[in-house]
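Peer 1: can't give you the sequence, but here's the structure:
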C-alpha cells in the first residue's frame, strides 16, 4: 500500500512561515484593538439603539450631517486644520533652512524650539491662560501701546490663541525632521546645481524641496493628526462648551459620549474618518506628482 510522504517545505516557504509567526502577535493586536472596535462603530452607526438593534441604514448619518452642533464643530475643525497645518509645515521648513545655515547660537535656538516638547500639557495651558487672560501679559502689552484689551478666549480672536499654541508645540519636532532631511540630500545634486549657476532660491525650491517631498508629506500628515489633538488644550482652557469658534469635533464627540448617544457618536466618527482619509489621499497624490521625478 502506497502512503504519500509529507512534502518538505521549501526554504522560501519556511521564511514566509517564520515571518508570519513573528507578525502574528502584532496582527492580533491590530485586529483586537483597532479593526474590531471600528467594526463595532460601524455596527452602532447603522442601528437605532443598542437595545432594539433595528437596522436604520444611513438615517444616523443624515441626522448627524443635519445637526447644527456637528456642522459648527466640523467647520471649526476644518478651518483650524487648513490654517494651522500649512503654517506648521512652512514655518518649520523655514526654521530648518535657517538652522542649516551658519548662524550664531544655533544650538540655543534649536533647544528653544524643542523645549515645548518637554513641557506637560497642564503647564502649557497654565502659561497660555496667564498670557491671554483679560488682565494677562498680552493685554497689558497692548494697553502699553494704546490698544484696547481683548478677552481672547471669549471672542472671535480665540482661534488665534489656539493656532499660536499649536505652532509653539509642533514647530520644534517638525524642524528636526526637516533638518534631518536636508542633511540627507546628496551633495552631488547641490554641486550640479551650482555648476548650472542656479541661485539659492532655485537650489532650495527645485532641488531641496523636491527631494524632501516625502518628508514634507510625513510632516503634513503628522501635523494634521496633531491638529485633532489640540482638543486637550482647548478643553483645559475653556471646558465642555467654549466660545463658538473653539467648538471643535472633539467637543462634539465628548459631549455626545457623555449623553450616551452611541449612534450619533459612531456616525460622526465615521464621517470624520472618511474626511481625514480623503485629505491624506489628496496629500499623497500631490506628493506623488511633485516628487515623482526625484523618486524615479
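Peer 2: That came in fine, so what should we check first? Bear in mind the structure is a predicted one, so any value in this text is a computation, not a measurement. Residues are numbered from 1 along each chain as shown.

Peer 1: From now on I want contacts and neighbour counts done on CA atoms only, so please keep to that.
Peer 2: Will do.

Peer 1: any residues touching stretch 88-100, and which ones?
Peer 2: 106, 110, 167, 170-172, 174-176, 178-179, 182, 216, 219-220, 223 (CA atoms under 8 Å, 6 or more residues apart in numbering).

Peer 1: Give me the mean pLDDT for the biggest helix by length in the chain.
Peer 2: Counting by DSSP state H, the longest helix found in the chain is helix 68-100. The pLDDT scores in helix 68-100 average 89.

Peer 1: Can you give me the buried ones in that helix?
Peer 2: Within helix 68-100, the residues that qualify as buried are 69-78, 80-81, 84-85, 87-90, 92-93, 95-97, 99, counting by 16 or more other CA atoms under 10 Å.

Peer 1: now stretch 127-140
Peer 2: So stretch 127-140, judged by 16+ other CA under 10 Å, has buried residues 128-129, 131-134, 136, 138-140.

Peer 1: Wasn't residue 198 part of a helix?
Peer 2: No. Counting by DSSP: H, G, I helix; E, B strand; the rest coil, residue 198 is not part of a helix but coil.

Peer 1: Give me the distance between residue 110 and residue 100.
Peer 2: 11 Å (CA to CA, to the nearest Å).

Peer 1: Same question for residue 138.
Peer 2: From residue 138 over to residue 100 (counting by CA to CA), the distance is 32 Å.

Peer 1: And residue 167, by the same measure?
Peer 2: 20 Å.

Peer 1: For the stretch 51-200 of the chain, just list every one of the strands.
Peer 2: Along the stretch 51-200 of the chain, no segments are classed as strands by DSSP state E, counting those that start in this stretch.

Peer 1: Which stretches in it count as helices?
Peer 2: 59-65, 68-100, 106-114, 121-132, 137-144, 158-183, 187-195, 200-202 (DSSP state H, counting those that start in this stretch).

Peer 1: mind putting those helices in CSV, distance to residue 14 included?
Peer 2: Formatted as CSV, the helices of the stretch 51-200 of the chain follow (distance: least, CA to CA, whole Å):
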stretch, distance to residue 14
helix 59-65, 47
helix 68-100, 45
helix 106-114, 46
helix 121-132, 49
helix 137-144, 66
helix 158-183, 38
helix 187-195, 42
helix 200-202, 51
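
Peer 1: between those, which one is nearest to residue 13?
Peer 2: Closest approach to residue 13 among the helices of the stretch 51-200 of the chain is made by helix 158-183 (37.8 Å; CA to CA).

Peer 1: Poorly predicted segments of the protein, please.
Peer 2: Applying pLDDT under 70 to the chain flags the ranges 1-9, 290-296.

Peer 1: residue closest to the middle of it?
Peer 2: residue 225 (1.9 Å; CA atoms, centre = their mean).

Peer 1: Need the contact partners of the strand or helix carrying that one.
Peer 2: Residue 225 is part of helix 213-227, with elements assigned from DSSP states H and E. Contacts to helix 213-227, defined as CA under 8 Å, 6+ apart, come from residues 80-81, 84-86, 88-89, 166, 170, 174, 177-178, 181, 280, 283-284, 287, 290-291.
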